[in-house]
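Asks: fold the following and give me the result.
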Amino acid sequence: MKRIVMLCVLTCACASAPQERDTARSLDGGWQRVVTPFSVLDEDGREYAHPFLGGLSVPRPQFIDIDGDGDLDLFVQERSNDLMFFENIGTPQAARYVWQSDKYRAIDIGEWYRLIDMDGDGDYDMIAEEPYSYIRFFRNTGSPTAPRFEIAADTLRDTEGRPIFADRQNIANAADIDCNGLMDLFLGRVDGTITRYEETRQLDGDVPRFRFVTDRFEGIEIVAAFGGTMRHGANSMYFADVDDDGDLDLFWGDFFEAGVLFIENHGTCPNPNLRGEPVPLRRADGETILTSGYNVPVLTDIDADGDLDLFIGIIGGAFNPNTTASDNFHYYERTSAGFELRTTRFLNGIDVGSESTLALADIDGDGDLDLLVGNKIDLTASQRARLYLFRNIGTSREPRFQLADTLDLAASYHYAPVLADLNGNGRLDMLLGTWNDGVLWYTNEGTPQQPHWVQDTTRTIRLTRGSNTTPALVDIDGDGDLDLFVGEASGTINFYRNVGSPTDPRFELVSDEYEGIDVGRRSHPAFVDLNGSGVYDMVIGRDEGGGVVYRNEGTRTEPRFVLDESILLPLPPLGSPIFADINGDGRTELLSGNLSGGVFYFQR
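Replies: Below you'll find the predicted structure:
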């Protein structure tokens, strides 16, 4: 039997704070991130609302009116320390979200956050993780329409002055569960129980201390049968009065739960009673809401019709996260029949699942650049990765992409494509990086307008060691043919010189630790002349994020790469950078794949 276990939640609220209009925010090296530089369409011709958002794999949402204009804005955490902010430029009845920032107010939030009025002054404060596993408190010293967040405490403390510990893989929350005017703090534990603290009048400076109440709030202990054993894990919860009876009910997401659990409050606001059996949340048609696990539920009245709608950030847990790697931000509208699914991709953009890699080239021979996006694993079949072809249906000066086709080539994972005419016949061939099969060689046996890539197994390039190959082609020694650089899992760079010719390349290994370069893990090299010096510099994406820049202080024929510590390009984790003039304005743009499976777009 499933025992009841609760974690913290925040009631749906409407307060405020000011908007951030940094859609093209200045970034390291002068690069500016843009989410909607031009139109991108899906396979059915529908326009993505947020084409270059970068994809979502672990969305943790919260809706509040941060700018006091009467509608609900949206915050989403996708990466550690970063809090994305989307301003609602629509109306309370018809929300329309526009990305404004990847790092709201430059606040470091660790692994989780909650915006909530902790001090009862009518504006939103914030609690967030203080690494590792403590609770940082940011007080809003501004107003409901112009928030300003300042650190009030590195960690909240109990009445004995001890720091309150919160498991970092669980999302803490706070709510006045017993309607006594004092905030209750709820901390989910990895054993499926909930620890409750209650605010006191005792102060630590000007920050309230919290009285420990219990480690087993309402006897809740949520575990699930998995693989023949009872399991529990990372969790998230949300408190909301979904049945309009004046008390807070509990919604629970857990790593090993294939949906959201609902625990009804059978008591009253002053005397809550959440000791009933948790039940799976159901759709309006009576079917259980099923996901891949670790669901982050949020209830809010998104359409201002007087009832609470349901949003679920699906992080992917024990139940095959690949099935929800791109369809993982669900919106259920509350109707008279119940929760009706409206979309599985509430913030819709290019998203191929996870670990996206990119190639730009004129794939159909019409004079403009098309986009090829590879991923880690096919979303519909688990035996291989897949390539997604976005054709440029616009022009070389006014690009407009549409998803036109998908390709599965080798029975391998972690596709990383690079395109070039390797044999001088006017058709684009492909080198394809893979997880553990080296760099595969594909000859184009089609036409310049309609490529048909066929593997040449005799020309596979295998590393001396390592996996996760990420190839890049560039004439690094100025002899008129393309040389090959390959990143890999260890973070080093492999260099293969072309000792053949422009029409018959032959790549010969020079070094598997080129110039001693090591960026940590999962190196992904790209080449571009960053400063107009006439020689190629090297930019390397990596597992931890940030694009490492190596300046070429050599010549066109004898390169010499030196780390430039003054620049760290704003690439996301597992960045896979490529550079091109995508809109024909004479300036280079930077695009990058990333861990979350989408595409980032930067301009200078």
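Asks: CA only for contacts and neighbour counts going forward, please
Replies: Fine.
Asks: list the helices and strands the worst-scoring helix or strand of the chain on mean pLDDT packs on?
Replies: Counting by mean pLDDT, DSSP states H and E, the weakest-scoring helix or strand in the chain turns out to be strand 224-226, with a mean of 75. Judged by 3 or more CA pairs under 8 Å, 6 or more residues apart in numbering; DSSP states H and E, the packing partners of strand 224-226 are strand 229-231.
Asks: residues touching the nearest residue to residue 225 once chain neighbours are set aside, list them.
Replies: Closest residue to residue 225 apart from its sequence neighbours, by CA to CA, 6 or more residues apart in numbering: residue 231 at 6.1 Å. Counting by CA atoms under 8 Å, 6 or more residues apart in numbering, residue 231 makes contact with 223-225, 256.
Asks: are any of these buried, and which?
Replies: 223-224, 256 (16 or more other CA atoms under 10 Å).
Asks: in a markdown table, list those residues along with distance to residue 124.
Replies: What follows is the buried ones among the contacts of residue 231, written out as a markdown table (distance: CA to CA, whole Å):
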| residue | distance to residue 124 |
| --- | --- |
| 223 | 33 |
| 224 | 35 |
| 256 | 32 |
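Asks: which one of those is nearest to residue 303?
Replies: residue 256 (31.2 Å; CA to CA).
Asks: just put the contacts of residue 231 in CSV and tack on distance to residue 372.
Replies: Formatted as CSV, the contacts of residue 231 follow (distance: CA to CA, whole Å):
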residue, distance to residue 372
223, 43
224, 41
225, 41
256, 35
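Asks: all strands of the stretch 1-150 of the chain, in order?
Replies: In the stretch 1-150 of the chain, the strands defined using DSSP state E, counting those that start in this stretch lie at 32-33, 40-41, 60-64, 73-77, 84-88, 97-101, 113-116, 125-130, 134-140, 149-153.
Asks: the fifth one pairs with which strands, parallel or anti?
Replies: Sheet pairing for strand 84-88, assigned by DSSP bridges, gives strand 73-77 (antiparallel), strand 97-101 (antiparallel).
Asks: dump the strands of the stretch 1-150 of the chain to TSV, plus mean pLDDT and mean neighbour count.
Replies: Formatted as TSV, the strands of the stretch 1-150 of the chain follow (pLDDT from 0 to 100; neighbours: other CA atoms under 10 Å):
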stretch	mean pLDDT	mean neighbour count
strand 32-33	96	23
strand 40-41	98	23
strand 60-64	98	24
strand 73-77	98	23
strand 84-88	98	23
strand 97-101	98	21
strand 113-116	97	24
strand 125-130	97	25
strand 134-140	98	24
strand 149-153	97	17
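Asks: nearest to residue 577, of those?
Replies: strand 32-33 (13.4 Å).
Asks: who does the closest one touch, helix- and strand-wise?
Replies: When contacts are defined as 3+ CA pairs under 8 Å, 6+ apart, strand 32-33 sits against strand 600-603.
Asks: just checking: what are the partner strands of the strand it packs on?
Replies: Counting by DSSP bridges, strand 600-603 is paired with strand 32-33 (antiparallel), strand 589-593 (antiparallel).
Asks: thought residue 387 was touching residue 373?
Replies: Yes. Assessed by CA atoms under 8 Å, residue 387 is found in contact with residue 373 at 5.5 Å.
Asks: who has more neighbours, those two?
Replies: Applying other CA atoms under 10 Å to residue 387 and residue 373 shows that residue 373 carries more neighbours, namely 27 against 24.
Asks: quick check, the more buried one in contact with residue 354.
Replies: No. The criterion here is CA under 8 Å, and residue 373 misses it with residue 354 at 10.9 Å.
Asks: relative to residue 463, which of the strands of the stretch 1-150 of the chain is closest?
Replies: strand 32-33 (34.3 Å).
Asks: report the distance from the closest one to the chain centre.
Replies: 17 Å (CA atoms, centre = their mean, to the nearest Å).
Asks: and the gap between the residue nearest to residue 225 and residue 280?
Replies: 17 Å (CA to CA, to the nearest Å).
Asks: what of residue 374?
Replies: 36 Å.
Asks: higher neighbour count, those two?
Replies: When residue 374 and residue 280 are compared for neighbours, residue 374 comes out ahead with 32 against 19, by other CA under 10 Å.
Asks: list the contacts of that one.
Replies: Contacts of residue 374 (CA under 8 Å, 6+ apart): 352, 356-358, 385-388, 414-417.
Asks: mind checking how far it is from residue 409?
Replies: 11 Å.
Asks: go on, residue 338?
Replies: Per CA to CA, residue 338 is found 43 Å from residue 409.
Asks: residue 118 now?
Replies: When residue 118 is compared with residue 409 (using CA to CA), they lie 54 Å apart.
Asks: same thing with residue 524?
Replies: Applying CA to CA to residue 524 and residue 409 gives a distance of 21 Å.
Asks: neighbour count winner among these two?
Replies: residue 524 (32 against 17).
Asks: next up, phi/psi of the more buried one, please.
Replies: When read as degrees, to the nearest 10, the backbone of residue 524 gives phi -140, psi 100.
Asks: from memory it sits against residue 542, does it?
Replies: Yes. Taking CA under 8 Å as the definition, residue 524 is a contact partner of residue 542 at 6.3 Å.
Asks: compute the first-to-last residue distance for stretch 50-58.
Replies: First-to-last distance for stretch 50-58 - CA to CA - comes to 17 Å.
Asks: and it, average pLDDT?
Replies: For stretch 50-58, the mean per-residue pLDDT is 97.
Asks: hmm, who's touching it?
Replies: 34-36, 39-40, 77-79, 98-99, 313-316, 325-326, 328, 347-354, 593-594, 596-601.
Asks: selecting buried members of those in ChimeraX, what would you type?
Replies: Only the buried entries of these go into this ChimeraX selection, using 16+ other CA under 10 Å:
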select :34,35,36,39,40,77,78,79,98,99,313,314,315,316,325,326,328,347,348,349,350,351,352,353,354,593,594,596,597,598,599,600,601
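Asks: let's see which of the contacts of stretch 50-58 end up in helices.
Replies: Nothing among those maps onto helices, per DSSP state H.
Asks: quick check, residue 383 in a strand?
Replies: No. Secondary structure of residue 383 (DSSP: H, G, I helix; E, B strand; the rest coil): coil, not part of a strand.
Asks: so how far is residue 209 from it?
Replies: 53 Å.
Asks: with neighbour numbers in mind, choose between those two.
Replies: Between residue 383 and residue 209, counting by other CA under 10 Å, residue 209 is the more crowded of the two (24 against 12).
Asks: residues touching the more buried one, list them.
Replies: 156-159, 161, 199-203.
Asks: list the residues that contact the closest residue to residue 391 other than its chain neighbours.
Replies: Among residues not flanking residue 391 along the chain, residue 370 sits closest, at 4.9 Å (CA to CA, 6+ apart). By CA under 8 Å, 6+ apart, the contact list for residue 370 reads 360-364, 389-392, 401.
Asks: so what secondary structure elements neighbour whichever strand in the chain runs longest?
Replies: Ranked by residue count, the top strand of the chain under DSSP state E comes out as strand 194-204. Applying 3+ CA pairs under 8 Å, 6+ apart, one finds that strand 194-204 makes contact with strand 184-188, strand 207-214.
Asks: rerun that using 10 Å as the cut-off
Replies: strand 173-175, strand 184-188, strand 207-214 (3 or more CA pairs under 10 Å, 6 or more residues apart in numbering; DSSP states H and E).
Asks: using CSV, lay out these together with distance to residue 489 and mean pLDDT.
Replies: As requested, the helices and strands packed on strand 194-204 are exported to CSV (distance: least, CA to CA, whole Å; pLDDT from 0 to 100):
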stretch, distance to residue 489, mean pLDDT
strand 173-175, 37, 96
strand 184-188, 35, 97
strand 207-214, 45, 98
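Asks: out of the ones you listed, which is closest to residue 136?
Replies: strand 207-214 (11.2 Å).
Asks: for the closest one, buried residues please.
Replies: So for strand 207-214, counting by 16+ other CA under 10 Å, buried means 207-212.
Asks: in this protein, where is pLDDT below threshold?
Replies: 1-27 (pLDDT under 70).
Asks: same thing but 90
Replies: 1-29, 190, 223-234, 293, 316-324, 379-383 (pLDDT under 90).
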